[in-house]
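In: from the sequence below, what's the structure:
(one chain, ligands or ions: 1)
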Amino acid sequence: MLHFTEVLTLLDNNRYCSGQALVQRFNVTRATIHNCIAKIESLGISVELIRGLGYRLMQPVDLLNHAEIQSKLSSQAANKLADIQCLQEVDSTNRYAGELELPQPGEFSLVLAEMQTAGKGRRGRQWVSPYAANVYLSVLWPLQRPLHEAGILSPMLAISMLTALGQLDVSGLSLKWPNDIYCHNKKLAGLLIESSGEINGGCKMIIGMGVNVLMSQFENVNIDQQWTDMYSYTQDWQHSRNDVVAKLVDSTVSTLIQFENNTFEGLVEIWSQWDLMKDKHVELHSGQFVQAGVARGIDSDGCLLLETSKGVEKISVGDISLRARV
Ligand code: BTN
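Out: Below you'll find the predicted structure:
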């Protein structure tokens, strides 16, 4: 059966493609082409139809391409890549990656999707994942160090994501504990790190990253917090989503290697440089529990340092937000 992506890859925003040409190309009926176009439009991609001329995309569509991604990877990452899968649609790349066979120690597998139907955010939230708009990727990594040492990966990988996005000229970047990437005070990207397997080695780490790239081109996006995308804060946007993926993967792999070799230095200082909440009056939310205090950065284990009337407390789980009234 004809998949809508086969039609989509032939459409362009600069020229019309006739329905008849598509019928002949795929040897299908007009109704099949019509259904594919309807599916494309249902994903938020506008298609113009002019009688006598044919179909044209109203805007260019930037699709993922695994060969292009591989060609853009650093040699360090390319040499360690065991497997790459670019899916059209999946419930969650993290869920999918968790079911793959674990690569050899020191290697990683990569799962990407054009869209997620049940993208997972932290703390049970949903990650809105429209088609061909953003980056949804999961790195599957065989953890060699004991699981209890992996908590520090959360701030390390947030720093490495921010570094990658900075290399792509996004302005106004900052970090919000535990591992959110903000841009001009709005959420740009997030990390969901999951693990399964043995606690003393041989453990599966699934590092899920969601980055808003071209989200602002989509109408009716339903997200319960202020958000932005790379496109809105990059002058002369020239990048493809494949560029974004390659930079994120390079940076992630380099950080994972530093983690395994225990050579990552200056975590507390680097975090402090980008810390959105540094010295701000905040509220910490953890389940039903809310605690007020002043955010004083993180410690070398990646815990939030929250100054309250009782002194400075180390917090390992929760969400922080600015306090409305102090
Ligand atoms: C957050 O809440 O900030 C974390 C968001 C993580 C979203 C990414 S998208 C790719 C991967 N697959 C998922 O289901 N979630 C992560």
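In: distance check, residue 262 against the ligand.
Out: Noted for residue 262: a distance of 26 Å to the ligand, by C-beta to the nearest ligand atom, to the nearest Å. For every residue, glycine as well, the C-beta is placed using N, CA and C.
In: oh sorry, the question was meant for residue 96
Out: According to C-beta to the nearest ligand atom, residue 96 and the ligand sit 8 Å apart.
In: these two touch, right, that residue and residue 83?
Out: No - using C-beta atoms under 8 Å, residue 96 is not in contact with residue 83, being 11.9 Å away.
In: please say which of these two ends up with more neighbours.
Out: With neighbours defined as other C-beta atoms under 10 Å, residue 96 and residue 83 compare such that residue 96 has more, 18 against 13.
In: how much space between that one and residue 106?
Out: Distance of residue 96 to residue 106, given as C-beta to C-beta, to the nearest Å: 22 Å.
In: swap in residue 309?
Out: According to C-beta to C-beta, residue 309 stands 48 Å off from residue 106.
In: how about residue 204?
Out: Residue 204 is 14 Å from residue 106, where distance means C-beta to C-beta.
In: who has more neighbours, those two?
Out: When residue 204 is set against residue 106 and neighbours are counted by other C-beta under 10 Å, the residue ahead is residue 204, at 20 against 14.
In: bridging residues for that one?
Out: Taking DSSP bridges, one obtains residue 142, residue 196 as the residues bridged to residue 204.
In: what sits against it?
Out: The neighbourhood of residue 204, defined by C-beta atoms under 8 Å, 6 or more residues apart in numbering, consists of 98, 102, 140-143, 195-197.
In: so which of these comes closest to the ligand?
Out: Closest to the ligand out of these is residue 98 (10.0 Å), distances taken as C-beta to the nearest ligand atom.
In: in space, what's closest to that closest one - neighbours in sequence excluded?
Out: Using C-beta to C-beta, 6 or more residues apart in numbering and skipping residues adjacent in sequence, the residue nearest residue 98 is residue 206, 5.3 Å away.
In: do I have it right that the one you found meets residue 195?
Out: Yes - if you go by C-beta under 8 Å, residue 206 and residue 195 touch, sitting 7.0 Å apart.
In: what about the two, which has more around it?
Out: It is residue 206, of residue 206 and residue 195, that has more neighbours when counted by other C-beta under 10 Å, with 23 against 16.
In: what residues are up against the more buried one?
Out: Residues near residue 206 by C-beta under 8 Å, 6+ apart: 94, 97-98, 138-141, 193-196.
In: separation between the residue of the chain found nearest the ligand and residue 211?
Out: The ligand sits closest to residue 190 of the chain, with a gap of 2.0 Å, by C-beta to the nearest ligand atom. To residue 211, residue 190 is 8 Å away according to C-beta to C-beta.
In: so what sits against both of those two?
Out: In contact with both residue 190 and residue 211: residue 181, using C-beta under 8 Å, 6+ apart.
In: higher neighbour count, those two?
Out: Neighbours per residue (other C-beta under 10 Å) separate residue 190 from residue 211, with residue 211 holding more: 25 against 20.
In: verify the stated contact: that one with residue 248.
Out: Yes - counting by C-beta under 8 Å, residue 211 does reach residue 248; the two are 7.0 Å apart.
In: and for those two, which residues touch both?
Out: Residues touching both residue 211 and residue 248 by C-beta under 8 Å, 6+ apart: 135, 161, 165.
In: how many neighbours does the second one have?
Out: Okay, so that is residue 161. By the criterion of other C-beta under 10 Å, residue 161 has 27 neighbours.
In: not counting its neighbours along the chain, what's nearest it?
Out: For residue 161, ignoring the flanking residues on the chain, the nearest one in space by C-beta to C-beta, 6+ apart is residue 181 at 5.6 Å.
In: cool, and residue 61?
Out: Once flanking residues are discounted, residue 61 sits nearest to residue 132: 5.4 Å by C-beta to C-beta, 6+ apart.
In: that neighbour belongs to a strand?
Out: No - assessed with DSSP: H, G, I helix; E, B strand; the rest coil, residue 132 is coil; it does not lie in a strand.
In: quick one, what contacts residue 58?
Out: Residues in contact with residue 58 (C-beta under 8 Å, 6+ apart) are 13, 45-48.
In: do a quick rundown of the strands in the chain.
Out: Assigned by DSSP state E, the strands in the chain fall at 47-50, 54-57, 81-90, 108-116, 135-143, 173-176, 180-183, 186-197, 203-211, 281-286, 289-298, 304-308, 311-315, 319-322.
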